[in-house]
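[1] Sharing a model that was predicted from the sequence below.
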Amino acid sequence: MMQNKLSFYQSSVSLEIIGLPDYSNNENKDQISIISQWKLTIIDKPLIEGKIEHLWPIMNAFYIYSNLLIKNEIPLFESKLIDIKADNLHIHNIVLKSSKPNVKPLILKIGNSLLSDTINCFDQLNESPKVRIKKPDVPNNFPMKLRYGLNKKNKFFNFFIPPLIAICSLILFSSSFIYFYNPFENIEKKELINPE
Amino acid sequence: MPNKVTIWKLRNNNPLRKSYVNNNIKPNEFDALIRITVEMSKYLYPYIREILKSKENPQENPVIWNDFNRRFIELIKERFNIDSMRVKKLLDQAENDEIIIKSLLTLSFCISNQGYQKLKNFLYDF
């Protein structure tokens, strides 16, 4: 069976996706849902290719690293498959670790221009209606700090909302006593105590 | 955005500018400015990329970076309030490299079709 091939280009970087449509899902013949191979070509650098299960973690690593880089946080990403760290403001060190034993990791040094080309290639793949990648449930394309920010917001609400509700309910409850309070009765009592 | 004058007026909401006017920017105006920025980044991506590349290899091709940096500083001196500490930081050659590169990188990461949403997330998280 002929496999479909889709390529995404951005300046010096190209990403090639090879695979088949999922006919059981009534997909078009030019669709790719079952990815058999992918290749990331960066000019003047060794070819990066791998299995489908490696594609999403690598894309995710690049997205997280790029977010850290522009958010004034320490630009460092480490995982079983890929490490990315900044050598300096302009050069990024990528270490791709092979899942096979006795295979040395592939080390690449790329600049900011190649990093942005790579991110844009991944964006094109993400946005392509012709390719469907099964991604983990976590919305990893979200900026990392934003995710933490949402968690922080939840913690903030969890911390402040219960005492706020308690105070409000106390005010509501105690305000109901106003119906039992009769100020004239108090004045009369005072007059009885001080008949002058 | 009804016309270019509206965009020009919105620029004055920047507290770093000499002609700063505190008109509260509306959410739809904020969104429109983000969309304009993303479209401009798409259009200027080859140039943004060359500036970044020029800074990576300053010995090989320093001209593009130097031109950009000189123009950037000229524009800031011309239009921004140079008494402000934040503007002084932008003008400081020792510190502004990082600010410029991170700003250019942010723009270059937002040129896809979903670039608007990406840039919005970056800005809300800034």
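    Cool, the structure landed. Numbers count the residues shown, from 1 in each chain, chains lettered A, B, ... in the order given.
[2] Below-threshold pLDDT in the chain: ranges please.
    Unless you meant another one, I'm taking chain A. Filtered on pLDDT under 70, chain A yields the residue ranges A:1, A:135-160, A:181-186, A:189-192, A:194-196.
[3] Oops, wrong one, chain B.
    For chain B, applying pLDDT under 70 flags the ranges B:126.
[4] So which residues on it come close to chain A?
    Neighbours of chain A within chain B, by CB under 8 Å from any CB of the partner chain: B:46, B:48-50, B:52-53, B:55-57, B:97-98, B:101-102, B:104-106, B:108-109, B:111-115, B:121-122, B:124-126. Bear in mind the C-beta positions are built from the backbone N, C-alpha and C, glycine included.
[5] Double-check that A:Ser36 belongs to a strand.
    Yes - using DSSP: H, G, I helix; E, B strand; the rest coil, the secondary structure at A:Ser36 is a strand.
[6] how about it, what does it touch?
    Counting by CB atoms under 8 Å, 6 or more residues apart in numbering or on different chains, A:Ser36 touches A:Gln3, A:Ile18, A:Gly19, A:Leu20, A:Ile52.
[7] Then B:Ile34?
    By CB under 8 Å, 6+ apart, B:Ile34 lies in contact with B:Tyr116, B:Leu119, B:Lys120, B:Leu123.
[8] Find the residue closest to B:Thr106 in space, skipping its chain neighbours.
    Leaving aside its sequence neighbours, B:Thr106 sits nearest to A:Ile70 (CB to CB, 6 or more residues apart in numbering or on different chains; 5.0 Å).
[9] That neighbour and A:Leu47, how far apart?
    Computed as CB to CB, to the nearest Å, the A:Ile70 to A:Leu47 distance reads 28 Å.
[10] who has more neighbours, those two?
    The residue with more neighbours, out of A:Ile70 and A:Leu47, is A:Ile70; 21 against 10, by other CB atoms under 10 Å in any protein chain shown.
[11] Near the closest residue to A:Val131 other than its chain neighbours, how many residues? Count them for me, please.
    Leaving aside its chain neighbours, A:Val131 sits nearest to A:Ile32 (4.8 Å; criterion: CB to CB, 6+ apart). Here the number of neighbours of A:Ile32 (other CB under 10 Å) works out to 22.
[12] try the one 10 residues further on
    Burial measure for A:Ile42: 20 neighbouring residues, criterion other CB under 10 Å.
[13] bridging residues for it?
    For A:Ile42, the beta-bridge partners are A:Val13 (DSSP bridges).
[14] ok so B:Ile101 is a helix residue?
    Yes - assessed with three-state DSSP, B:Ile101 lies in a helix.
[15] pretty sure it contacts B:Lys53?
    No - with contact defined as CB atoms under 8 Å, B:Ile101 does not reach B:Lys53; the gap is 11.6 Å.
[16] Between these two, which contacts overlap?
    Counting by CB under 8 Å, 6+ apart, the contacts common to B:Ile101 and B:Lys53 are A:Asn112.
[17] Contact partners for A:Glu27?
    Residues in contact with A:Glu27 (CB under 8 Å, 6+ apart) are A:Pro21, A:Ser33.
[18] quick one: it from A:Ser12, how far?
    Noted for A:Glu27: a distance of 32 Å to A:Ser12, by CB to CB.
[19] Kindly list the longest helix within chain B.
    Ranked by number of residues, the top helix in chain B under DSSP state H is helix B:27-56.
[20] tilt between the next helix or strand after that helix and helix B:27-56?
    Note on helix B:27-56: by DSSP states H and E, the next helix or strand toward the C-terminus is helix B:63-79. If you take axes from the mean of the first three to the mean of the last three CA atoms, to 10 degrees, helix B:63-79 sits at 140 degrees to helix B:27-56.
[21] How about residues contacting helix B:63-79?
    Residues outside helix B:63-79 that contact it (CB under 8 Å, 6+ apart) are B:17-19, B:50-51, B:53-55, B:58, B:82, B:87, B:90-91, B:96, B:100.
[22] Tell me the one of those nearest B:Leu33?
    Using CB to CB, B:Arg17 is the member of the contacts of helix B:63-79 that lies nearest B:Leu33, at 14.2 Å.
[23] ok, that closest one - contacts?
    Here B:Arg17 is in contact with B:Arg11, B:Arg79, B:Phe80, B:Asn81 (CB under 8 Å, 6+ apart).
[24] Show me which residues of chain A sit near chain B.
    Close to chain B, as judged by CB under 8 Å from any CB, chain A has residues A:11, A:66, A:69-72, A:89-91, A:111-113, A:115-117, A:119-120, A:123-124, A:126-127, A:142-143, A:145-146, A:149.
[25] Can you list which of these are found in helices?
    A:66, A:69-70, A:112-113, A:115-117, A:119-120, A:123-124, A:126-127, A:145-146, A:149.
[26] Please put the alpha-carbon coordinates of stretch A:167-180 into PDB.
    Provided in PDB are the C-alpha atoms of stretch A:167-180 (Å, rounded to 0.1, in the frame of the first residue of the first chain):
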ATOM      1  CA  ILE A 167     -17.500  35.400  57.300                       C
ATOM      2  CA  CYS A 168     -20.300  36.100  54.900                       C
ATOM      3  CA  SER A 169     -22.500  33.400  56.400                       C
ATOM      4  CA  LEU A 170     -21.700  34.700  59.900                       C
ATOM      5  CA  ILE A 171     -22.800  38.200  58.900                       C
ATOM      6  CA  LEU A 172     -26.000  36.800  57.300                       C
ATOM      7  CA  PHE A 173     -26.800  34.700  60.200                       C
ATOM      8  CA  SER A 174     -26.200  37.400  62.800                       C
ATOM      9  CA  SER A 175     -28.100  40.000  60.800                       C
ATOM     10  CA  SER A 176     -31.200  37.800  61.100                       C
ATOM     11  CA  PHE A 177     -31.100  38.700  64.900                       C
ATOM     12  CA  ILE A 178     -32.100  42.300  64.000                       C
ATOM     13  CA  TYR A 179     -35.700  41.100  63.800                       C
ATOM     14  CA  PHE A 180     -35.600  40.000  67.500                       C
END
